[in-house]
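**Q** Below is the structure, and that's it, no one-letter string:
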């Protein structure tokens, strides 16, 4: 039997406000346990929440960026459940009337573009954190995160593979960091993904029973968790078993999921409107003031990169993976007036060097202006592609600017035709056997002669000129 995978993602995005959503406590990461938990955060009797206006504006900004409907009146609800790191015994969230509904996000999977629709995005507070590893036979509770503002972003179940799910999560991560509402730090929990996964026979319209994989904090874990879960569900069904709706955790060491608890439904949480918080009312002036803060969005920039710089849709999607990367590429492309070549260098040599050194684009030792200058020297014939890589290494090592490195290391491409002719004469004289083999129809001999010329010129000869002149001499 052929099976179809159905995936929907719920992403908890920590909003980049300096204080919490209902109190003035700091949201800074890394403080000593329980030092950033106020009376409101720990739910002392008689305290009342006060809504953070900045969190609301960030939610509006997100809704505008995805073309969603902003509910002009939206309401906070209490979601009741009992866990040690939830002091109130309920979480303040939004159910019936969320601030954002609908919207869509374009994703790129290889050369294929898809549109993924969103169900909703709602404001809520984070819970604290239970610490199991540092205590023998006990659990520690750190309430620093309690009350941290979150925007929970829920997609429609429209993804059909782990690759699509990762592409969507990456696109969403790019967007929320691009518009400045989240720092995107997955290691610190600023961007956490829950994946709802089910399978069904190909052609069936009814959904299968889903299982929710909680708190995935890397794109690699997201892909591994979904792939394992899909295999497990298919094997279970093909062996005659049933899938029970459940919440599961992913073990990255064993690369497998394991059941955490049976999955709750909305009625299990006994939602009801929070009587301590008034409805949020959005007027047009407020929405337009937020809209004015939006810069060019990734999708618009991708289209512009394709039209202005001649890059493919795939390249444009990669180059807009972050605002810093997009700005770097555009600066380099403008400096050399060679968009496609700049894209190749940014996505090739530069990205490889950054990955090897475990550096972000913002930490690149080679500036965009320097890369543009390097590409200009390729275009004007000063450097071959091979020599350019040596200059790039010099830039990476901080050896100076492009022209200075070329001069100091003697890397200027040979442009004196007389000098090249002398080298070709010497190579032909020293390799009569290869010359004879070429003239008897063995093409490999020609490559060997080209290699000898390039070696004799110490890589400075123009490869195209070498091919042209060598063929002319051999056919005489």
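**A** Noted; the coordinates are in hand. As the structure is a computational prediction, the values presented were derived from the model and not from experiment.
**Q** Moving along the chain from the longest strand along the chain, name the first helix or strand you hit.
**A** Of all the elements of type strand in the chain, the one with the most residues (DSSP state E) is strand 112-125. As assigned by DSSP states H and E, the chain's next helix or strand after strand 112-125 is strand 129-131.
**Q** hang on, residue 310 packs against residue 340?
**A** Yes - counting by C-beta atoms under 8 Å, residue 310 touches residue 340, with 5.2 Å between them. C-beta: built from backbone N, CA, C; applies to glycine.
**Q** chain center to the longest strand of the chain, what's the gap?
**A** Put simply, strand 112-125 sits 16 Å off its chain's centre (C-alpha atoms, centre = their mean, to the nearest Å).
**Q** go on, stretch 294-308?
**A** From the chain centre to the centre of stretch 294-308 is a distance of 17 Å (C-alpha atoms, centre = their mean).
**Q** can you list contacts of that stretch?
**A** The set of residues external to stretch 294-308 that reach it, using C-beta atoms under 8 Å, 6 or more residues apart in numbering, is 61, 64-65, 106, 171, 174-175, 178-179, 311-313, 315-317, 319-320, 326, 329-330, 339.
**Q** Select only the buried ones of those in PyMOL?
**A** Buried residues among those (16 or more other C-beta atoms under 10 Å), as a PyMOL selection:
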select buried, resi 61+64+65+106+171+174+175+178+179+311+313+315+316+317+319+320+326+329+330+339
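**Q** among the contacts of stretch 294-308, which are in helices?
**A** 61, 64-65, 171, 174-175, 178, 313, 315-317, 319, 326, 329-330, 339 (DSSP state H).
**Q** Mind pulling up the pLDDT for residue 310?
**A** In this model, residue 310 is scored at 95, pLDDT.
**Q** do the same with the one 10 residues further on
**A** In this prediction, residue 320 carries a pLDDT score of 96.
**Q** Run through the residues that contact it.
**A** Per C-beta under 8 Å, 6+ apart, neighbours of residue 320: 174, 298, 301-302, 305, 326.
**Q** Adding distance to residue 447 and pLDDT, write those residues out as a markdown table.
**A** Shown next, in a markdown table, are those (distance: C-beta to C-beta, whole Å; pLDDT from 0 to 100):
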| residue | distance to residue 447 | pLDDT |
| --- | --- | --- |
| 174 | 44 | 96 |
| 298 | 44 | 96 |
| 301 | 43 | 97 |
| 302 | 40 | 95 |
| 305 | 37 | 97 |
| 326 | 40 | 97 |
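**Q** in this structure, which residue is closest to the centre?
**A** By C-alpha atoms, centre = their mean, the chain has its centre lying nearest to residue 170, at 3.8 Å.
**Q** Name the nearest residue to it, ignoring sequence neighbours.
**A** Leaving aside its chain neighbours, residue 170 sits nearest to residue 219 (6.2 Å; criterion: C-beta to C-beta, 6 or more residues apart in numbering).
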